[in-house]
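[1] output the structure for:
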Amino acid sequence: MRAERDVQLRKLKTVRGQIEGLIKMVEEDRYCLDISNQLMASISILKNINKDVLTAHLKGCVKESYGKSEEEIEEKIEEINSIINKLSK
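    Predicted coordinates for the structure are as follows:
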């Protein structure tokens, strides 16, 4: 995450703006499909951010675990597996 921090923060702030827009759309009783399209756009950005975070984790934390004990490496693998399992639900 270190190298991509500013990029991810910008994306998260974009999603925050979209969520604020969604709240306003619901309050104004806007057309359902317009709200749905905005929701899908927000979800898409969040999925993209998550992919970037997981990639950064693999390139940073997991890579750094090499050369450590087998137990520490296994722990990192289990962390990734846990996230992958959540993504498939």
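
[2] can we go C-alpha only for contacts and neighbour counts from here?
    OK.

[3] which residues in this structure form strands?
    With strands called from DSSP state E, the chain shows none.

[4] for it, what helix or strand is lowest in average pLDDT?
    helix 63-65 (a mean of 73; mean pLDDT, DSSP states H and E).

[5] which stretches of this protein form helices?
    In the chain, the helices defined using DSSP state H lie at 5-27, 32-57, 63-65, 70-87.

[6] what's the shortest one in contact with?
    Read that as helix 63-65. Glu72, Ile73, Lys76 (Cα atoms under 8 Å, 6 or more residues apart in numbering).

[7] excluding its backbone neighbours, what's nearest the second one?
    Distances taken as Cα to Cα, 6 or more residues apart in numbering place Ser65 nearest to Ile73, at 5.7 Å, with adjacent residues excluded.

[8] what does the first one give?
    In space, Glu72 comes closest to Ser65 once its chain neighbours are excluded; the distance is 6.7 Å by Cα to Cα, 6+ apart.

[9] neighbours of the one you found, how many?
    When neighbours are defined as other Cα atoms under 10 Å, Ser65 has 17 of them.

[10] ditto for Asn48
    Around Asn48 there are 14 other residues, counting by other Cα under 10 Å.

[11] now do it, the pLDDT please.
    Listed pLDDT for Asn48 reads 89.

[12] next one: the residue lying closest to Ile49 once chain neighbours are set aside from Thr14, what distance?
    Of all residues not flanking Ile49 in the chain, Gln8 sits nearest, at 6.4 Å (Cα to Cα, 6+ apart). Distance, Gln8 to Thr14, using Cα to Cα, to the nearest Å: 10 Å.

[13] so where's this structure shaky on pLDDT?
    1-3, 88-89 (pLDDT under 70).

[14] go again with 50.
    The model of the chain has no residue with pLDDT under 50.

[15] sounds good, over and out.
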